[in-house]
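# Just a sequence and a predicted model for now, questions to come.
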Amino acid sequence: MSIQSRRFFHCRSCGHKMRLGVDECGNCYQPTPMINHFPLPLLLALPVLAVAIVALVISTV
Ligand SMILES: [Zn+2]
């Protein structure tokens, strides 16, 4: 099973489980939260990027 086939998000309107990267619910066609519009690699990269920036700031002070 690949990570992208796992369903992390639930629809706010109907509770349907959705994959990452979809912009509307497959069950009721309501728009999904903005965070779900980003592709998975970007979501995984964001915390890493944040830690890297903090480490950089701390090391320069
Ligand atoms: Zn729904």
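Looks like it came in fine.
# Return the residues of the chain in contact with the ion.
Neighbours of the ion within the chain, by C-beta under 5 Å from the ion: 11, 13-14, 16, 25, 27-28. Just so you know, the C-beta spots here come from the backbone N, C-alpha and C atoms, and that holds for glycine as well.
# which one of those is nearest Pro47?
Ranking these by separation from Pro47, with C-beta to C-beta as the measure, puts Cys11 on top at 24.6 Å.
# Could I get the pLDDT score of the nearest residue to the closest one once chain neighbours are set aside?
Once flanking residues are discounted, Cys11 sits nearest to Cys25: 4.2 Å by C-beta to C-beta, 6 or more residues apart in numbering. At Cys25 the predicted local distance difference test score is 89.
# now do Leu40
Leu40 is assigned a predicted lDDT (pLDDT) of 68.
# Strands along this protein, start to end?
Secondary structure of the chain by DSSP state E: the strands cover 9-10, 17-18.
# Residue ranges in the protein under the pLDDT threshold?
Scanning the chain with the threshold set as pLDDT under 70 gives 1-8, 35-36, 39-40.
# Pull out the buried residues from the residues of the chain next to the ion.
Buried members of the residues of the chain next to the ion, counted by 16 or more other C-beta atoms under 10 Å: 11, 16, 25.
# ok, the first one - contacts?
By C-beta atoms under 8 Å, 6 or more residues apart in numbering, the residues touching Cys11 are 17-18, 25, 27-28, 30, 32.
# Quickly note the distance from Ile53 to the ion.
Here the distance between Ile53 and the ion works out to 35 Å (C-beta to the ion, to the nearest Å).
# cool, Pro47 as well?
Pro47 is 27 Å from the ion, where distance means C-beta to the ion.
# What's the local residue count around that residue?
By the measure other C-beta atoms under 10 Å, the count of residues near Pro47 is 9.
# related to what we said a few turns ago, farthest pair within the contacts of Cys11?
Taking C-beta to C-beta, the two most distant members of the contacts of Cys11 are Lys17 and Gln30; they sit 13.6 Å apart.
# export the strands of the chain to a markdown table and tack on mean neighbour count?
Conversion of these to a markdown table gives the following (neighbours: other C-beta atoms under 10 Å):
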| stretch | mean neighbour count |
| --- | --- |
| strand 9-10 | 16 |
| strand 17-18 | 16 |
